[in-house]
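For reference, the sequence and a predicted model appear below.
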Amino acid sequence: AQKVTQAQTEISVVEKEDVTLDCVYETRDTTYYLFWYKQPPSGELVFLIRRNSFDEQNEISGRYSWNFQKSTSSFNFTITASQVVDSAVYFCALSEALGGTYKYIFGTGTRLKVLA
Amino acid sequence: GAVVSQHPSWVICKSGTSVKIECRSLDFQATTMFWYRQFPKQSLMLMATSNEGSKATYEQGVEKDKFLINHASLTLSTLTVTSAHPEDSSFYICSARLAGGWTDTQYFGPGTRLTVL
């Protein structure tokens, strides 16, 4: 069965520190997709990245970077030089092509607090 | 592009009443829409998958007679919480899958906060 684990419930850092949010997934499918979303206090999910199972290249977007390692079934997210505006809940999600439904399974989320 | 709206953004109702939440894809057609609920400080739980022109598929444990879903067009899906009770108070979020686009990518609405008194 598919599963997404975000072991870190809450992380607090001081502004300008780097922080890594962990995501470990389980799937039996060879074709799958991984996502990261940010949920600020307003509640709206903000899409951050989509990665398919065949693309293990790491990605950097500004202060954000992602490390995808199939060998350890992990898709970790690093924020460099964190800012107060980064405070939010971050969700990792897995989508499988199971039966063509592509349903998302979300992790439990990591609440990031960036202190000024 | 790929904007999804929800209406209302928040609603307060009395116990026993029904509440309808609309989910619209504003600038694209969506053959499939999804409904989630999220309790405070918890993750999103998929309630049902809604396909245009057919019956919704509900996840295990979700009462289909209580949460009525109608996907009447390629841009609109509605969720009706019938005979709402305080335990139905939650944050309801819809998402839409772009028809003809990446089938794995969902675009999320801003959510509807339901409070049942």
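In hand now; what should we look at?

who in chain A is up against chain B?
A:33, A:37, A:42-45, A:47, A:50, A:52, A:91, A:95, A:97, A:100-109, A:111 (Cβ under 8 Å from any Cβ of the partner chain). Placement of C-beta: from N, CA and C, glycine included.

Can you say which of these are buried?
A:33, A:37, A:43-45, A:91, A:95, A:101-109 (16 or more other Cβ atoms under 10 Å in any protein chain shown).

And those, which two are furthest apart?
Looking at these by Cβ to Cβ, the two members farthest from one another are A:Gly43 and A:Thr101, with 25.1 Å of separation.

Excluding chain neighbours, give the residue nearest to B:Glu87 in space.
Spatially, and ignoring its direct neighbours in sequence, B:Glu87 is nearest to B:Val116 (7.9 Å; Cβ to Cβ, 6 or more residues apart in numbering or on different chains).

Give me every residue in chain B lying close to chain A.
Taking Cβ under 8 Å from any Cβ as the criterion, the contact residues of chain B with chain A come out as B:34, B:41-46, B:49, B:91, B:93, B:95, B:97, B:102-111, B:113.

Sketch out the low-pLDDT regions of chain B for me.
By pLDDT under 70, the low-scoring segments of chain B are B:1, B:99-104.

Let me see the ranges of the strands in it.
Under the criterion DSSP state E, strands of chain B are mapped to B:4-7, B:10-13, B:19-25, B:30-38, B:44-51, B:57-58, B:67-73, B:76-81, B:90-98, B:106-108, B:112-116.

what would those look like in TSV with mean neighbour count?
Conversion of those to TSV gives the following (neighbours: other Cβ atoms under 10 Å in any protein chain shown):
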stretch	mean neighbour count
strand B:4-7	18
strand B:10-13	14
strand B:19-25	21
strand B:30-38	24
strand B:44-51	21
strand B:57-58	17
strand B:67-73	17
strand B:76-81	22
strand B:90-98	24
strand B:106-108	24
strand B:112-116	19
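
in chain A, what spans have low per-residue confidence?
In the predicted model, chain A carries pLDDT under 70 at residues A:98-100.

who's the residue nearest the centre of chain B bridged to?
With the centre of chain B defined as its mean C-alpha position, the nearest residue by Cα atoms, centre = their mean is B:Trp35, 3.6 Å away. With beta bridges defined as DSSP bridges, B:Trp35 has these partners: B:Ala48, B:Cys94.

Identify the residues contacting it.
B:23, B:46-48, B:50, B:67, B:69, B:77, B:79, B:92-94 (Cβ atoms under 8 Å, 6 or more residues apart in numbering or on different chains).

got it, and A:Lys113?
If you count contacts by Cβ under 8 Å, 6+ apart, then A:Lys113 has A:10-13, A:87 around it.

that older thread, can you tell me which of the strands of chain B comes nearest to A:Arg28?
Ranking the strands of chain B by proximity to A:Arg28 (Cβ to Cβ) places strand B:44-51 first, at 18.7 Å.

Can you name every helix or strand that the closest one contacts?
Other elements packing on strand B:44-51 under the criterion 3 or more Cβ pairs under 8 Å, 6 or more residues apart in numbering or on different chains; DSSP states H and E are strand A:104-106, strand B:30-38, strand B:57-58, strand B:67-73.

tell me the angle the last one makes with strand B:30-38.
So the one you mean is strand B:67-73. Note on geometry: by axes from the mean of the first three to the mean of the last three Cα atoms, to 10 degrees, strand B:67-73 and strand B:30-38 are set 160 degrees apart in direction.
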